[in-house]
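**Student:** show me how the following folds:
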Amino acid sequence: MTAYGVALFAPVELALAVWAYSGPVEAGTLARLVPLVATYSLWLWLGLRFGLAAVMRVARWLRGTLDARALRAEGWFVAGPLVEGARPNVPIVWATLASAGVAVALIAKSAAWAEAQFKEAELRGLLIAGLALAAVAVARGTYPFFRVAARSAAAALAPILHGLNPLGRWRAAGGALAVAAGGALVALWFGLPQSRSVLPARLAISAITLALGMGLGAYRHARPHRRSRRTRRTRLRALGLAAATLVVVMAT
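**Tutor:** Residues are numbered from 1 along each chain as shown. All right, here's what the predicted structure looks like:
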C-alpha cells in the first residue's frame, strides 16, 4: 500500500519541484532533481512502511486490552463487506472528518475570542488550552450523531449511485475528498492571492497524491490473485529497480 502511494507521489513531486525551481530548468538541473526526489521518496516509503505498521499494531493492542475480539478484527484498510450497498467503515471516516471540523472551528473561534479579550500571553495561552480541550470534548460528543447521519445517507444513496456513492464506497469517497480538497485549494489560490506565500499548495497536492496512491495499493492488495511467474518477475524487477536507484543515489 505504501509502495503504491510513494510510486504515485514521486513523479508528482518531481513535477512540483521543477515547477517551484527558481532558476532555469536544464538537463543538469533535472539530473540533480531526479536523484533528490528519489532519495526522499525512498525515505518517505521507509517511514510510512514501518511507522504506519507500528501505529496499527499499537492501536490494535490498546483496543485488545479492552476487548479481546479487537485483536482478531479486520485492519483499518480492509474494505469490508457491503452492508445495504455501502462499506461500513466509509461513513465512519466522514463522521470523523465532520467531528474534527467541529473541533477545529470551535478552537479557532475560541482562540480569536481569547486574543481579543486578554492581552497577557500566559493567561491567554492557558485559556486557549482549556477551551481547546472543551472543544475536543464537544466534538467527540457530536461524533455518534454524525456517524448515524452518514450511515443513513449512505444507505439512502446506495440504490441510486451504486459504486459512485461517496458516503458508502471507498473509491468514490477518495475521489470526493480529493476534489473537495483540490477545489478549496484552487479557491484560496485565486480568491486570496495575498495568501499564496503561506498557502501549503505543494504539501497539499503531495498529500492528496500520496493518499490516493495508498488507496489504490489497498484496493490492489485486497483483490484475489494467484502467485505466478509474472508475479515473481514483477518482484525481481522491483528489486532490480530498487538496487539501481540505490546506486544512482549513492553516486550523486
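**Student:** residues near Ala3, how many?
**Tutor:** Around Ala3 sit 15 other residues, with neighbours defined as other C-beta atoms under 10 Å. Heads up, the C-betas are built off the backbone N, CA and C, glycines and all.
**Student:** what of Pro88?
**Tutor:** 15.
**Student:** ok, Ser99 next?
**Tutor:** Residues contacting Ser99 under the criterion other C-beta under 10 Å number 21.
**Student:** just the one 4 residues further on next, same as before
**Tutor:** Residue neighbour count, defined by other C-beta under 10 Å, stands at 18 for Ala103.
**Student:** for it, give me its contacts.
**Tutor:** 135-136, 138-139 (C-beta atoms under 8 Å, 6 or more residues apart in numbering).
**Student:** from those, which is closest to Asn165?
**Tutor:** Minimum distance to Asn165 across these is 25.5 Å, recorded for Ala139 (C-beta to C-beta).
**Student:** farthest-apart pair in the contacts of Ala103, please.
**Tutor:** Val136 and Val138 (7.4 Å).
**Student:** what about these two, which has more around it?
**Tutor:** More neighbours surround Val136 than the other of Val136 and Val138, with 16 against 13 (other C-beta under 10 Å).
**Student:** what strand or helix carries that one?
**Tutor:** Assigned by DSSP states H and E, Val136 belongs to helix 121-161.
**Student:** got the buried residues for the next helix or strand after that helix?
**Tutor:** Where DSSP H and E defines the elements, the next helix or strand beyond helix 121-161 is helix 170-191. Buried residues in helix 170-191, counting neighbours by 16 or more other C-beta atoms under 10 Å, are found at 170-174, 176-177, 185.
**Student:** what's the first helix or strand after helix 170-191?
**Tutor:** Following helix 170-191 in sequence, per DSSP H and E, is helix 201-222.
**Student:** quick check: angle from that following helix to helix 170-191?
**Tutor:** Orientation check (axes from the mean of the first three to the mean of the last three C-alpha atoms, to 10 degrees): helix 201-222 against helix 170-191 gives 170 degrees.
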